[in-house]
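Colleague: pasting a predicted model and its sequence here:
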Amino acid sequence: MTTRQAYLERLKAQLDEWDKDIERLDRETSKADAKTKIKYEEQIKELRQNVEEAQQTLTKIRDASENTWEDLKQGAETIWDMYKNSFKKAKSEFKRAYREGLEE
């Protein structure tokens, strides 16, 4: 397996994990009160947009020539880190809101 293939597989696995995270968050949103549900739905919409953009980045890297894919990889790492942080933040906020809901 080439380095590029391994890299693409790693990105694809991350996308699959994010899709599963969104599905879990979406299920949790259905349990929230109306005000919280609106906030969660906005976050989920943003996360879905991130996944779509990440998928486009993955496609660009897959379709790039051998000479240019390394350059795309460097830019993708920055974008990927931003998406990872968005997911971490959203998951953390969901967990915090869930705990607060239990305390009420």
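Modeller: Nice, thanks for sending it over.
Colleague: gap between the residue nearest to Ile61 when sequence neighbours are not counted and Ser65?
Modeller: What sits nearest to Ile61 in space, not counting adjacent residues and going by CB to CB, 6 or more residues apart in numbering, is Leu72, at 4.9 Å. Where C-beta positions appear, they are placed from N, C-alpha and C, glycine not excepted. Applying CB to CB, to the nearest Å, the value for Leu72 to Ser65 is 10 Å.
Colleague: out of the two, which sits in the busier spot?
Modeller: Leu72 (17 against 7; other CB atoms under 10 Å).
Colleague: from Asp33, how far out is Ser85?
Modeller: Ser isn't right for residue 85; it's Asn. 27 Å.
Colleague: show me what the lengthiest helix in the chain is packed against.
Modeller: Ranked by number of residues, the top helix in the chain under DSSP state H is helix 69-103. Packing partners of helix 69-103 (3 or more CB pairs under 8 Å, 6 or more residues apart in numbering; DSSP states H and E): helix 3-29, helix 34-63.
Colleague: tell me the mean pLDDT for it?
Modeller: The average pLDDT within helix 69-103 is 79.
Colleague: next, the angle from that helix to helix 3-29.
Modeller: If you take axes from the mean of the first three to the mean of the last three CA atoms, to 10 degrees, helix 69-103 sits at 20 degrees to helix 3-29.
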